[in-house]
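Engineer: could you work out the structure for the sequence below:
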Amino acid sequence: MRYYYPQHVEGYQRVKAEGKVAWGEIHAGVGFEDFAARGFLEAVLPTLRFDAPEPTVLNYGCGTGPDACFLAEHGFRVDAIDLISTAIEIAQQQAAARGLDVQYAVQDICELPHEGKQYDMIVDSYCLQCLVFDAERQRVFSAVRARLKPSGYYLISTAIMDEEHQQLLREGDTIADGATGIVYTRYGAGIIDTQTGIVLTPLESAPTDLPDAILINGSWYLPHRRHVTPAQLETELLEAGFRVIYRDPEHGGSVVCVPRV
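Structural biologist: Numbering: from 1, shown residues only. Take a look at the predicted model:
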């Protein structure tokens, strides 16, 4: 099982078991309508120009569908994917309850085929931060380039290394891995490699089915998030063939991109 599955399998099982309908209800204390990217989408969507009266959009990492439903309510024809079947089950129920036609599917964005429908817009719902390795992030960017129309927009909302995070790093203790020499900094309940921005969380025991787990000084950790600075994100996107045309002034990890020609 890849490292990004367990936290999401467990999280959405908890959402369902507790009778909730959104990830934010168990992690951030916010409901379906108050999803994290809402303010960003409300600000940028009126500024974007599309050729079609009902633009097509692919929302990946859609979770239980708050972003997808919001987009459908605003006149988009929405396809939405998530790798967790429980999330898609709840998302379908929520769209039906609102009378919205959203086409949901269980799909890992890292395995999205390059061939297929092209979209006027592709939206990342805080998914990129969960992909920590360069190869996976590059696969996602490559798939987006293949499935985005030349005139399309790529909207990303992701965690970043802002001043608050940097202050935590300045105050954190460090540990050096005796095997690799990598120096990690204590970061919340886990540790972070400040060179890459990769955050790791401790495992209670040696893993049996997690090939991405890392042994550091006798303790096991699992990659969890990747926090990059706004400048690093923009460079990464530029190298992947995109150009940032808008950055949210209140959150540097929310950007609008277009294909770079």
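Engineer: pull the helix or strand with minimum mean pLDDT from this protein.
Structural biologist: Lowest on mean pLDDT, DSSP states H and E among the helices and strands of the chain sits helix 163-171, with a mean of 81.
Engineer: which strands or helices does that one pack on?
Structural biologist: Here helix 163-171 touches strand 183-187, going by 3 or more CB pairs under 8 Å, 6 or more residues apart in numbering; DSSP states H and E. C-beta here means a position set from N, CA and C on the backbone, and glycine is covered the same way.
Engineer: contacting residues for residue 86?
Structural biologist: 9, 12, 13, 15, 16 (CB atoms under 8 Å, 6 or more residues apart in numbering).
Engineer: in the longest strand along the chain, what's buried?
Structural biologist: Ordering each strand of the chain by length in residues (DSSP state E) puts strand 148-157 first. Neighbour counts over strand 148-157 (16 or more other CB atoms under 10 Å) mark 148, 149, 152, 153, 154, 155, 156, 157 as buried.
Engineer: swap in stretch 17-24?
Structural biologist: 20, 21, 22, 23, 24.
Engineer: could you do stretch 91-110 as well?
Structural biologist: 91, 92, 94, 95, 100, 102, 104, 107, 108, 109, 110.
Engineer: relative to residue 110, how far out is the residue nearest the centre of the chain?
Structural biologist: Nearest residue to the geometric centre of the chain (CA atoms, centre = their mean): residue 127, 1.1 Å. As defined by CB to CB, to the nearest Å, residue 127 lies at a distance of 10 Å from residue 110.
Engineer: model confidence for the residue lying farthest from the centre of the chain, exactly?
Structural biologist: The centre of the chain is farthest from one residue, residue 178, which by CA atoms, centre = their mean lies 31.9 Å away. Here the pLDDT value assigned to residue 178 is 95.
Engineer: return the residues in contact with the residue lying closest to it once chain neighbours are set aside.
Structural biologist: Closest residue to residue 178 apart from its sequence neighbours, by CB to CB, 6 or more residues apart in numbering: residue 217 at 5.8 Å. Residues near residue 217 by CB under 8 Å, 6+ apart: 175, 177, 178, 179.
Engineer: show me which of those is closest to residue 61.
Structural biologist: For the contacts of residue 217, the closest approach to residue 61 (CB to CB) belongs to residue 177, at 30.3 Å.
Engineer: the least confident helix or strand of the chain versus strand 183-187: what angle between them?
Structural biologist: Angle, helix 163-171 to strand 183-187, by axes from the mean of the first three to the mean of the last three CA atoms, to 10 degrees: 120 degrees.
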